[in-house]
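[1] when you get a sec, could you give me coordinates for this:
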Amino acid sequence: MQSYDKRAQHAQKGVMTMLHYKQAEIKLEEMDDKEVGEKLRHMRKRKGWSQEEMGEEMFLSRSNISRMESGLIPITQNRFIQWANKTDSQDIFLAIIFNIDPSVAVEIISNIANTGATVGTFLLSLGGLI
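    Take a look at the predicted model:
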């Protein structure tokens with residue numbers, strides 16, 4: 001269990017570092033195009049979209065979506081970010097950036113969301129006092 005805690009702490013530190021920079025660098029070029037394509041397919045299917053629906057969201061043809069998912073066409077960093085946002089796959093995005101397990105990324109996102117909700121509630125109650 002201790003190694004999980006260390007990974008989670010490392011990942012949280014990474015998220016904080018990312019928040020301090022304007023743009024995080026994605027190391028897509030270090031991944032095989034086929035591996036990137038598998039991630040893209042997983043994100044799309046998890047969202048429940050067909051290749052046609054993904055193409056409409058990304059303003060691409062179905063055949064280009066298929067080629068990207070097969071690793072035949074490399075994807076740019078900006079498109080990868082767009083793909084992750086459209087499919088609500090920020091956990092996979094973080095897992096790739098920080099080379100962590102996606103379950104750790106889910107926990108980090110959950111912690112950030114919970115912290116944001118707590119801060120938002122505090123600010124709203126403070127606003128009522130002022």
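[2] low-confidence ranges, this structure, go.
    Confidence mapping of the chain against pLDDT under 70 gives the ranges 1-29, 116-130.
[3] which parts of it are strands?
    Counting by DSSP state E, the chain yields no residue ranges for strands.
[4] so who does the residue lying closest to residue 101 once chain neighbours are set aside touch?
    Sequence neighbours aside, residue 95 is the residue nearest to residue 101 in space, at 6.6 Å (criterion: C-beta to C-beta, 6 or more residues apart in numbering). For glycine as for every other residue, the C-beta is placed from the backbone atoms N, C-alpha and C. Contacts were defined as C-beta atoms under 8 Å, 6 or more residues apart in numbering; by that measure residue 95 touches 101-102, 104-105.
[5] can you check residue 60 too?
    Neighbours of residue 60 in contact, by C-beta under 8 Å, 6+ apart: 54, 68.
[6] do the same with residue 83
    40, 43-44, 54, 58, 75, 89.
[7] ok so, going back, considering the contacts of residue 95, which possesses the most neighbours?
    Using other C-beta atoms under 10 Å as the neighbour test, the contacts of residue 95 are led by residue 105, with 24 neighbours.
[8] which residues touch that one?
    11, 90-95, 98.
[9] ok, those vs residue 84, which is closest?
    Proximity of those to residue 84 (C-beta to C-beta) peaks at residue 93, which lies at 4.0 Å.
[10] and for that closest one, the neighbour number?
    Residue 93 has 22 nearby residues by other C-beta under 10 Å.
[11] the one 10 residues further on too?
    Applying other C-beta under 10 Å, we find 13 other residues in the vicinity of residue 103.
[12] measure it to residue 114 for me?
    17 Å (C-beta to C-beta, to the nearest Å).
[13] circling back: dump the contacts of residue 95 into CSV; add distance to residue 66 as well.
    Listed next are the contacts of residue 95 as CSV, based on distance: C-beta to C-beta, whole Å:
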residue, distance to residue 66
101, 28
102, 24
104, 31
105, 27
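[14] pick the one among these closest to residue 63.
    residue 102 (28.5 Å).
[15] buried residues in stretch 69-85, which are they?
    69, 71, 75, 80-81, 83-84 (16 or more other C-beta atoms under 10 Å).
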